[in-house]
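Enquirer: My questions are about this predicted structure, shown below with the sequence.
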Amino acid sequence: MPEPRYWLFKSEPSSYSWDDLTAEDGQTAEWDGVRNYQARNFMRDDMRIGDYVLFYHSNAKPPGVIGTARIVREGYPDDSAWNPDSRYYDAKSDPANPTWMMVDIKAERRLPRFISLNELKANPALADMMVTKRGQRLSVQPVTAAEWAEVLAMAERAAP
DNA sequence: GCCAACGTTGGC
DNA sequence: GCCAACGTTGGC
């Protein structure tokens, strides 16, 4: 059995929040609209069913990790790319050879407490975590097993 | 609302 | 292939 892997998915709560995810049928959503090649490659090549996801609210007050999810469907074509009515429409994406891919995620649980970006940045154990780095805009990021465990442990402890 | 950082585009 | 211009992300 392959090693489970860990990811962080960013979403702006004003467009798609944790509550939106948990309100879905089966608490499962298609993660469409990713239009960055590096993020696409992670979804197409690396994500496996069962991988763990930190659900992160970006552009929020404050930004931070609110819950966990799992990958429940591996990379497949993002059909919003050839839907002219979609805000994610990409005229250059050919349905016969799709440029953009998506995965499905299912909500697992809301963290016992929200872990803000400030708190992530203040934890020396997370100094190398991508999301704590300035200017890091990748909307889908790998997370190490140690980082995953640390964030969950923080959520079990009282606020600092 | 501001703006730094970043990815993409397109002229050359 | 270089790089300036542009649009977007996302923290503050």
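Expert: Yep, it's here. Numbers count the residues shown, from 1 in each chain, chains lettered A, B, ... in the order given.
Enquirer: Flag the shaky bits of chain A, pLDDT-wise.
Expert: A:1-4 (pLDDT under 70).
Enquirer: residues from chain A in reach of DNA strand B?
Expert: When proximity is defined as C-beta under 7 Å from any atom of the strand, chain A approaches DNA strand B at A:36, A:37, A:38, A:92, A:134, A:135, A:136, A:137, A:138. The C-beta positions use only the backbone N, C-alpha and C, and glycine is treated the same way.
Enquirer: Among those, which one has the most neighbours?
Expert: Neighbour counts for those peak at residue A:138, which has 16 neighbours (criterion: other C-beta atoms under 10 Å).
Enquirer: my guess is it meets residue A:38, correct?
Expert: Yes - with contact defined as C-beta atoms under 8 Å, residue A:138 counts as touching residue A:38 (6.0 Å).
Enquirer: and the spatially closest residue to residue A:28 that is not a sequence neighbour, how many neighbours?
Expert: With sequence-adjacent residues excluded and distances taken as C-beta to C-beta, 6 or more residues apart in numbering, residue A:28 is closest to residue A:106, at 4.4 Å. Residue A:106 sits with 17 neighbouring residues when counted by other C-beta under 10 Å.
Enquirer: Pretty sure residue A:106 sits against residue A:67.
Expert: No - taking contacts as C-beta under 8 Å, residue A:106 lies outside contact range of residue A:67: 11.1 Å.
Enquirer: does the residue of chain A found nearest DNA strand B count as helix, strand or coil?
Expert: When scored by C-beta to the nearest atom of the strand, chain A has residue A:135 as its residue closest to DNA strand B, at 2.2 Å. Secondary structure state of residue A:135, per DSSP: H, G, I helix; E, B strand; the rest coil, is coil.
Enquirer: can you check the one 3 residues further on too?
Expert: For residue A:138, the reduced secondary structure class is coil; criterion used: three-state DSSP.
Enquirer: can you pull the contacts of it?
Expert: Listed by C-beta atoms under 8 Å, 6 or more residues apart in numbering, the contact set of residue A:138 reads A:36, A:38, A:39, A:130.
Enquirer: What of residue A:59?
Expert: The neighbourhood of residue A:59, defined by C-beta under 8 Å, 6+ apart, consists of A:12, A:13, A:14.
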